[in-house]
Structure formats: structure tokens, C-alpha cells
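S.K.: please work out how this folds:
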Amino acid sequence: MSAEPLITHGSGSEALAELYRDLHANPELSYAEIRTARIVAESLAGLGYEVHTHLGRTGVAGVLRRGDGPTVLLRADMDGLPVTEATGLPYASTVRGVDPDGHDVDVMHACGHDVHVTCLLGAARTLAADESWTGTLVLVFQPAEELGSGANAMIADGLYDLVGTPDVVLGQHVGPMPAGMIALHPGAAFATSDSLKVTLYGRGGHGSRPEATIDPVVMAAAVVLRLQTIVSREVAGGETAVVTVGMLRAGTKVNIIPDSAELQINIRTYDPEVRERVLAAVERIVRAEAAASGAPAEPRIEHPDHFPLLYNDPDGCARTIPALASVVGSPQRVIDAGPVTGSEDVGELAKAAGAPCVYWILGGADPSAFAGAATPDEMLKVMADIPSNHSPGYAPVIEPTLAVGVGALVAAAREWLG
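M.R.: Alright, predicted model coming up:
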């Protein structure tokens, strides 16, 4: 028998906590979630689920069929991030991996996908033991959410041919709200995300003779600064856009001017027209700065990944909110915090099925930190000082986060099942 912690081992909250700590200490990058997928598949099989593996390379689906009734899909993502953990936790990750560009990197569950997997396995156990519902329960453990391609990869591998087409897609994402609270926004809930990889070409040479070169580092710096004017000068006050340069790479040595520089740019929008305008502005600025610098070649602009807008079905949200409120004890603890500029590909599972999507934010921060926050604005001020998703210090509290996360998935699934 595997020495890895399975959700079928033990019972109650400590079994979930053990599983969570193990997953947190052993993160895996996108499409490399082999160990995580094995734990998931073995746990589901032990609970009596029909199990399908290697969907979208490393994805796993579990199915329980209980006669006639709706097909309800619950989803969790599994991949970690190339982040060096700085939480100081006794179960902190020291894992290293190879990113899609071939770089050896530290790996961390800096986005909370370990919480998502743990909660869905906990819900799997509870719902398997519950004989009161009818229909088909589908649990999807998805790879590569961080690349925006994992959901479509599972669909392309015949997910719905194997498990059936769902009538609703449900899921959650942990965030730095106080544990014990849930946020759910109907309509456009998570932003469209576009990533661009820009290569600027110069003419390298000795650092002591810059006049004999065309410096791509200076060119890149000019692009970075100019890009900051897009949101401030080309996007109206009533519109929303975020333009972030997350990576600038150039050069190998202090006294060598390189031949090229690379930028990686991330853009978040909600409106298709704003998206097209911002993308066009980025390309215009990149090409103009290259021309102004006398670049010997046109810049290369690649579009490696895209997250579509995540749209929460309003009627589906209205139906699900009372179930979520029953878990956190009060309708006032299920809030509408508005749309977030983060992005998610879970909506692709709903879109491919022609089904409503209901996707909420699960509070994961220590509730004691919010003791004096009586209003939403005060809560936001507290959140600004708490390490958030993708931070090296991101560390959701184990409880009550896991208990609420399991309960939310179970209650929502029961609401939609027969």
C-alpha cells in the first residue's frame, strides 16, 4: 500500500489536515502533477468512485452514478507555481522542478491549489457516504490551471465522453479573506488574461563602448515605462484593465551589452473591446520603442497563453447562495466582493458543456486578523497586509478553511443533485 496519505486513511479533520500538509510540501508544476494525481486516483478508487486518469496528461476524474438525476461537476486544480516558499511553515516546500522554458526552479503551492485538492477529496468522502442524493457526481482534478490550458486539455481528451455532460459546474478558489467567509459574484467574476512574450533585438558589444551598440536593455526599460501609460491614459475611468510586466531578462555579464532582451507581459480585462484596445496599444508601444532605438530587427511578439472571462451564471448563483450560507452560518457571511482581476479556466468546463458555472472564493486567512474590521473597506485594508495568492508567504490557515471548503462543496453539490 502507498505510504502517501490517502483520504480513505483515518477520518475527520486531522486526516484532511495531514493530506493538506503533504500536498503543500510536495507541489508539482503544470502538467507535472504526477504524484498528486496518483494520490487523488487512489483515494477516489478507495471511496468507490469510477476513476479516469491521464486526461489532459495528468488530470483525474472520479464518477459516482446513483440512477436518474442531474449530473453535477465539482472541480479542483492541482498545479503549483515556480515560487520560492518563504512561509517558515514546518511543512514548507523545498521541492524543485523544471518550468516550461526549461529553467530549474523552486516550486510552491503559492496559489492554494493544495487547499482545493484537499477540500474536493474531503467532499468526495462525504458525498460517497451520503445515500440521500440521486444523479451523477463528477469530480474533476484538473492540471495546468496556471497555464490556462488544463481544462481544455481534459475536454480534448474526451472528458465528457467518459463521465457525461454536466448540468452545472461548481468550484471554489481560496483567497486572503477571513476563513469562515465566502465571496460569490454573479456575472463577469474573473478577468480575461493575456500573456505576451516580447523579444527586443539590439546589437551587442562591449559595455565600455555603448556607442557601437544598440542596447536592448535600455530599449526594454523604455518599453516598461511607456506601458504604464496604457491604463492611465488609454483606458477610461469607468473601464478596467491591468498591465503588468512580470519578467525582464537580458544579458549575462556586467560589461557585455547583449543582443536581445525579453519581456513577459500580463494583461487583465473584462470587456472584449478594452482587451483589443490594450493589446493593440502594447504592440504599438513595443514596435515604436524598437524603431526609436534603431533596432536592427522587428521585435517578436508571441501570445503563449490566454484565460477567457469567467462568467458566473446569475440564476445559478442565486440557487447556490443559500446552500453556501448554511455552511458558514449566515447569509451575511456570503458576500459579493465584486469581480476580481485574477483569472481562471474553470469556465471552459462549463462552456464546453453548455452548463451554468458557479465559482466562489473561499476565505483562507486567519480570522483573528480581521477582528477589528467592521466594514468591507476595513476588511480590504487588513487584506492588503496579508500575503496573498502567488506570494512566497502565502499560507492559508488549515482550519476552519478546510472544514468550510469541504462543507461548501458538499452543500452546493447537494443543492444541484436530485
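S.K.: neighbouring contacts of the longest helix along the chain?
M.R.: Ranked by residue count under DSSP state H, the longest helix found in the chain is helix 272-292. Helix 272-292 is contacted from outside by 192, 194, 196, 198, 200-201, 219, 222-223, 226-227, 230-231, 234-235, 239-241, 243, 265, 267, 269, 298-299, 301, using C-beta atoms under 8 Å, 6 or more residues apart in numbering. Glycine gets a C-beta too; all of them are placed from N, C-alpha and C.
S.K.: cool, stretch 406-418 as well?
M.R.: For stretch 406-418, using C-beta under 8 Å, 6+ apart, the contacting residues are 16, 68-70, 72, 74, 119-120, 122-123, 126-127, 130, 132-135, 137, 167-168, 170, 172, 182, 319-320, 322-324, 326-328, 358, 360, 362.
S.K.: what residues sit buried inside it?
M.R.: Applying a neighbour-count criterion of 16 or more other C-beta atoms under 10 Å, one finds 406-417 buried in stretch 406-418.
S.K.: ditto for stretch 287-307
M.R.: 287, 289-290, 293, 295, 299, 301, 305, 307.
S.K.: same question, stretch 124-133
M.R.: Counting neighbours by 16+ other C-beta under 10 Å, one finds that the buried residues in stretch 124-133 are 124-128, 133.
S.K.: repeat that for stretch 95-115.
M.R.: For stretch 95-115, the buried set under the neighbour-count rule, 16+ other C-beta under 10 Å, comprises 95, 97, 105-115.
S.K.: tell me which helix or strand comes right after the helix or strand of the chain with the lowest mean pLDDT.
M.R.: For the chain, using mean pLDDT, DSSP states H and E, the weakest element among its helices and strands is helix 376-383, scoring a mean of 88. Using DSSP states H and E, the helix or strand that follows helix 376-383 in sequence is helix 401-416.
S.K.: so can I have JSON lines of the buried residues of stretch 124-133 showing distance to A86, secondary structure and pLDDT?
M.R.: Conversion of these to JSON lines gives the following (distance: C-beta to C-beta, whole Å; DSSP: H, G, I helix; E, B strand; the rest coil; pLDDT from 0 to 100):
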{"residue": "A124", "distance to A86": "32", "secondary structure": "helix", "pLDDT": "98"}
{"residue": "R125", "distance to A86": "33", "secondary structure": "helix", "pLDDT": "97"}
{"residue": "T126", "distance to A86": "34", "secondary structure": "helix", "pLDDT": "97"}
{"residue": "L127", "distance to A86": "36", "secondary structure": "helix", "pLDDT": "98"}
{"residue": "A128", "distance to A86": "38", "secondary structure": "helix", "pLDDT": "98"}
{"residue": "W133", "distance to A86": "43", "secondary structure": "coil", "pLDDT": "98"}
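S.K.: out of those residues, who's nearest E42?
M.R.: Compare each of the buried residues of stretch 124-133 with E42 using C-beta to C-beta and the shortest gap goes to A124, at 12.0 Å.
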